[in-house]
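>>> Fold the following, please.
(6 chains)
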4 protein chains.
Amino acid sequence: MGKNVKSTKKSNEKYMKIVDAAAKVFREKGYKEATLEDIANEVGMLKGSLYYYIDKKEDLLYSVVERPLNEMTENLNKIISTSDSPTLKLEKALINHINGFEHYQSELFVWISIEWFKSEFGGEIASLGDEIDRMFRKIIIEGIEKKEFRPDLDPKLITFAIFGVFNYMQRWYSPNNGYTFQEISVQFNKFVLQGIMNKVLL
Amino acid sequence: MGKNVKSTKKSNEKYMKIVDAAAKVFREKGYKEATLEDIANEVGMLKGSLYYYIDKKEDLLYSVVERPLNEMTENLNKIISTSDSPTLKLEKALINHINGFEHYQSELFVWISIEWFKSEFGGEIASLGDEIDRMFRKIIIEGIEKKEFRPDLDPKLITFAIFGVFNYMQRWYSPNNGYTFQEISVQFNKFVLQGIMNKVLL
Amino acid sequence: MGKNVKSTKKSNEKYMKIVDAAAKVFREKGYKEATLEDIANEVGMLKGSLYYYIDKKEDLLYSVVERPLNEMTENLNKIISTSDSPTLKLEKALINHINGFEHYQSELFVWISIEWFKSEFGGEIASLGDEIDRMFRKIIIEGIEKKEFRPDLDPKLITFAIFGVFNYMQRWYSPNNGYTFQEISVQFNKFVLQGIMNKVLL
Amino acid sequence: MGKNVKSTKKSNEKYMKIVDAAAKVFREKGYKEATLEDIANEVGMLKGSLYYYIDKKEDLLYSVVERPLNEMTENLNKIISTSDSPTLKLEKALINHINGFEHYQSELFVWISIEWFKSEFGGEIASLGDEIDRMFRKIIIEGIEKKEFRPDLDPKLITFAIFGVFNYMQRWYSPNNGYTFQEISVQFNKFVLQGIMNKVLL
DNA sequence: GATGAATGAGCATTCATTCAT
DNA sequence: CATGAATGAATGCTCATTCAT
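Presented below is the predicted three-dimensional model:
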């Protein structure tokens, strides 16, 4: 479980530091462009030393992305299993998404940037993403069934559209471009919700 | 014009083939991961031979992206300079966007994927993208002024949102996942337009 | 100091070995013609491994040439700052020059051969050479002023002539062509000193 | 005869142009650094086209250097076969040397710069140089025998010294550094002649 | 636990050379 | 005669990975 990562070391405090460094460096340079030396420097050790904690570079990618995705998934799970209206669920899910970005900025932006490599990076990372996908879709479908959301929209496509709105942030978001996560959240939610809402309810 | 590309050769049919091959390979592997050998193989020549046509790898990137982006920009220019209503302009702009994707799938998906490198790939490619950005934003602003679009939305953020909806396609679109560009276009347009529309007009 | 050479490693014994190997190979093949593989082979490692010690090939050139040149410059400095007569100073300077060749044969012959590249190898190496030039010229000028050297000779040209006599050794000197550095030194000094001497003193 | 150079083409006017271009480019960049493309550009043709005239790059080197060296050798021959005094012969030989530089600047500076490669570039070029060497040495020896030159100087070494004085020009000479060949000739001759002269005659 | 050192495979780029047209 | 196109071998450099100490 957890790939080939030397599991005893995984809990280690030092390993956490390494993963944090990896997240930062991956975010700044991209996974492929980031070198193990970059990461090692960030932690203050030598690249060779990293191999006490990992088996291969890819391990770090997985570790970076694992926890944030699991947390988001858990939260989403809680959200969809309530008796809230689909509209409220969607709103909560979107807020959860932005909150995720706020807390795990580097980690999740790294995740978004590597969806690219899905085929290349075996199942594990990909399936964490698919899970999130599936849950969003579930909300959409429920909303359509309950006539809260427009019936003329394809749930799969609309899920992609919503992910697009939010995940594209990885491209343009910067702490110094003038928008807080709060503001973005409010605006994007209004946009998405009105876009998906069944006209009769507007 | 056109960077350092050996200019006499540019018009050449063979050079076109190489650029097409590059588009394909860049799309499949990403710019950095694609090797000149990959591209050469695709064309059926040796990697060294490519240098008869190019000066450096980056030339290919620019060539791949240049024409599609220029065409899209031209079209957008025509669209925004009509006397159409902002709503119609936006719709046309979005259709133009998808049409671009349909005709220059690999090329534009490559473009989207390298926005990443903005800083790295100096002005030229980046500025072509910025131009498109600016024109979309212009439509949005005009729509708000004319009360067709919601006044509570920030034009800059909403432009990002719309780009997100469409450009994120580069992540999930595949000719065999069951959706035609037509279908996607119709659905995304409905979603975006309703999302941005001033409620009183709905 | 010392360009980009990874500084912690510089003191290292192995790095010395590499520089020595580089000196030998540069001397034999010339800087451009010498490959990093040649140098690596000489040390008994792989070319990639060299990059643990250097950042680029040029580092090696600088390292090869740095110490000998600095030593020669220091010595020259001491020589010109004594109260010796210009004639004695010149003699000492010439002996110092040959001694340099004797101790740092490959290194200084490499230096001579790359003066070629002055423009290419920015200031650092070039300026070490210019320093030596300047100090010789100073002796010549002093000698002319004190009427020990011929007043009809241009100090700049005569410095070139003297450098020619000695530095041209890089072209023909070989340990097995029958002359010791001692012999060469004696002969060249006699030739140069008589050539430059004010006739009235002869 | 004349290496592998396609001999019919050698007399050709166009071939002359190519050789001149090669001389210029070799002088500016050095033999190894000069590319056939550089040379072709200089003539206004394509690098592939050069191969109608040559078999390999080295042919050009030989052609560049051949005529000037032959002329110098001939002149030297005439000089040494007169009944002039050794002193006068030496003076004439030195003037001939500078005249050569003046007329065939690029060509002879190229020659000097490749003495390096003696071993690499088979016998032909090297032997032309050796011939010149031998003739100078002959003058020196004659001068010593006739007591015009110092008897304590080794003829071989002193020949090297003299070559050094003059050939080192290739390193520092530039048409815009303020000295004419005339001036240099006068100065260097005075220096060399006084340096070599038997004291009793001074 | 960590370091220092080395490996080896890979990649962009250069360039002399070839050759059909 | 000359061109355009292609070749292929070589070279500097990068970097994930290994491993003895």
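>>> Could you use CA atoms for every contact and neighbour count after this?
Will do.
>>> Could you check the pLDDT of the closest residue in space to residue A:201 that isn't next to it in sequence?
The shortest distance from residue A:201 to any residue other than its chain neighbours is 7.2 Å, reached at residue A:148 (C-alpha to C-alpha, 6 or more residues apart in numbering or on different chains). At residue A:148, the pLDDT value in this model is 97.
>>> Residue A:148: how many residues sit nearby?
Per other C-alpha atoms under 10 Å in any protein chain shown, the neighbour tally for residue A:148 reads 21.
>>> Measure how buried residue A:70 is and give me the count.
For residue A:70, the neighbour count with other C-alpha under 10 Å is 15.
>>> distance of the residue nearest to residue A:201 from residue D:43?
According to C-alpha to C-alpha, to the nearest Å, residue A:148 and residue D:43 sit 78 Å apart.
>>> What of residue A:93?
Plainly put, residue A:93 is 71 Å away from residue D:43 if you go by C-alpha to C-alpha.
>>> Tell me which of the two has more neighbours.
Legend: neighbour count by other C-alpha under 10 Å for residue A:93 and residue D:43, higher for residue A:93 (23 against 19).
>>> Quick check, that one in contact with residue A:79.
Yes. Using C-alpha atoms under 8 Å, residue A:93 is in contact with residue A:79, at 6.9 Å.
>>> helix, strand or coil for residue A:83?
coil (DSSP: H, G, I helix; E, B strand; the rest coil).
>>> Check it and give its pLDDT.
In this model, residue A:83 is scored at 96, pLDDT.
>>> Give me the phi and psi for it.
As for residue A:83, its main-chain torsions (degrees, to the nearest 10) stand at phi -100, psi 20.
>>> Identify the residue of chain A closest to chain D, quick one.
Nearest to chain D in chain A, going by C-alpha to the nearest C-alpha, is residue A:33, at a distance of 32.9 Å.
>>> So which bits of stretch A:58-74 are buried?
Across stretch A:58-74, burial judged by 16 or more other C-alpha atoms under 10 Å in any protein chain shown covers A:58-66, A:68-69, A:72-73.
>>> Check stretch A:97-107 too.
Quick answer for stretch A:97-107 (16+ other C-alpha under 10 Å): A:97, A:98, A:99, A:100, A:101, A:104, A:105, A:106, A:107.
>>> How about stretch A:36-48?
Buried, per 16+ other C-alpha under 10 Å, within stretch A:36-48: A:36, A:38, A:39, A:40, A:42, A:43.
>>> if we look at it, which residues are touching it?
Contacts to stretch A:36-48, defined as C-alpha atoms under 8 Å, 6 or more residues apart in numbering or on different chains, come from residues A:17, A:18, A:21, A:22, A:25, A:49, A:50, A:57.
>>> DNA strand E contacts on chain A?
Applying C-alpha under 7 Å from any atom of the strand, one finds that chain A approaches DNA strand E through A:9, A:12, A:14, A:44, A:45, A:46, A:47, A:48, A:49, A:50, A:52.
>>> I'd guessed residue A:110 sits against residue A:23; true?
Yes. Residue A:110 is within contact range of residue A:23, at 7.0 Å (criterion: C-alpha under 8 Å).
>>> and the residue in chain A positioned nearest to DNA strand E, what helix or strand is that in?
Going by C-alpha to the nearest atom of the strand, DNA strand E is nearest to residue A:49 of chain A, at 3.0 Å. Assigned by DSSP states H and E, residue A:49 belongs to helix A:47-50.
>>> Residue numbers of chain A in contact with chain B?
Taking C-alpha under 8 Å from any C-alpha of the partner chain as the measure of proximity, chain A contacts chain B at A:115-116, A:153-154, A:157-158, A:160-169, A:171-172, A:184, A:187-188, A:190-196, A:199, A:202.
>>> Neighbours of residue A:127, how many?
For residue A:127, the tally of surrounding residues (other C-alpha under 10 Å) stands at 12.
>>> So it versus residue A:140, what's the distance?
Between residue A:127 and residue A:140 the distance is 20 Å, computed by C-alpha to C-alpha.
>>> residues in contact with residue A:68?
By C-alpha under 8 Å, 6+ apart, the neighbours of residue A:68 are A:100, A:104, A:107, A:108.
>>> Hmm, the third one is touching residue A:63, no?
This means residue A:107. No. Counting by C-alpha under 8 Å, residue A:107 does not reach residue A:63; the two are 9.5 Å apart.
>>> Tell me if I'm right that residue A:15 and residue A:53 touch.
Yes. Between residue A:15 and residue A:53 there is a contact at 6.6 Å, judged by C-alpha under 8 Å.
>>> could you pull out the strands for chain A?
For chain A, no strands are identified by DSSP state E.
>>> Chain C contacts on that one?
Counting by C-alpha under 8 Å from any C-alpha, chain A has no residue next to chain C.
>>> Let me know the outermost residue of chain A.
Distance from the C-alpha centroid of chain A, by C-alpha atoms, centre = their mean, peaks at residue A:200 (33.0 Å).
>>> any idea of the pLDDT on that one?
Reading off the confidence values, residue A:200 has pLDDT 75.
>>> got the contact list for it?
So residue A:200 contacts nothing (C-alpha under 8 Å, 6+ apart).
>>> how deep is the closest residue to residue A:102 other than its chain neighbours tucked in, by neighbour count?
Spatial nearest neighbour of residue A:102, excluding adjacent residues (C-alpha to C-alpha, 6+ apart): residue A:181 at 6.6 Å. Neighbourhood size, residue A:181 [other C-alpha under 10 Å]: 16.
>>> contacting residues for residue A:181?
So residue A:181 contacts A:98, A:99, A:102 (C-alpha under 8 Å, 6+ apart).
>>> go again using 10 Å as the cut-off
A:95, A:98, A:99, A:101, A:102, A:173, A:175, A:187 (C-alpha atoms under 10 Å, 6 or more residues apart in numbering or on different chains).
>>> That one and chain B: what is the separation?
Counting by C-alpha to the nearest C-alpha, to the nearest Å, the gap from residue A:181 to chain B is 12 Å.
>>> likewise residue A:98?
From residue A:98 across to chain B, the span is 14 Å (C-alpha to the nearest C-alpha).
>>> could you pull out the helices for chain A?
A:7-10, A:13-29, A:36-43, A:47-50, A:57-80, A:86-103, A:105-114, A:123-145, A:155-167, A:169-172, A:181-196 (DSSP state H).
>>> I'd like those as a markdown table, with distance to residue D:88 and mean pLDDT appended.
Output for the helices of chain A, formatted as a markdown table (distance: least, C-alpha to C-alpha, whole Å; pLDDT from 0 to 100):
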| stretch | distance to residue D:88 | mean pLDDT |
| --- | --- | --- |
| helix A:7-10 | 89 | 57 |
| helix A:13-29 | 74 | 94 |
| helix A:36-43 | 70 | 96 |
| helix A:47-50 | 72 | 95 |
| helix A:57-80 | 78 | 94 |
| helix A:86-103 | 91 | 97 |
| helix A:105-114 | 83 | 92 |
| helix A:123-145 | 90 | 88 |
| helix A:155-167 | 90 | 97 |
| helix A:169-172 | 82 | 92 |
| helix A:181-196 | 93 | 97 |
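>>> of all these, which lies closest to residue C:131?
Nearest to residue C:131, of all the helices of chain A, is helix A:36-43, at 39.3 Å by C-alpha to C-alpha.
>>> so does the closest one get close to DNA strand F?
Yes. Residues of helix A:36-43 contacting DNA strand F under C-alpha under 7 Å from any atom of the strand: A:36, A:37.
>>> related to what we said a few turns ago, which of the buried residues of stretch A:36-48 lies at the shortest distance from DNA strand F?
Out of the buried residues of stretch A:36-48, the member with the shortest distance to DNA strand F (by C-alpha to the nearest atom of the strand) is residue A:36, at 3.8 Å.
>>> just to revisit the earlier point, Serialize the helices of chain A to JSON lines and add fields for distance to residue D:83.
As requested, those are exported to JSON lines (distance: least, C-alpha to C-alpha, whole Å):
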{"stretch": "helix A:7-10", "distance to residue D:83": "94"}
{"stretch": "helix A:13-29", "distance to residue D:83": "80"}
{"stretch": "helix A:36-43", "distance to residue D:83": "76"}
{"stretch": "helix A:47-50", "distance to residue D:83": "78"}
{"stretch": "helix A:57-80", "distance to residue D:83": "83"}
{"stretch": "helix A:86-103", "distance to residue D:83": "98"}
{"stretch": "helix A:105-114", "distance to residue D:83": "88"}
{"stretch": "helix A:123-145", "distance to residue D:83": "95"}
{"stretch": "helix A:155-167", "distance to residue D:83": "96"}
{"stretch": "helix A:169-172", "distance to residue D:83": "89"}
{"stretch": "helix A:181-196", "distance to residue D:83": "100"}
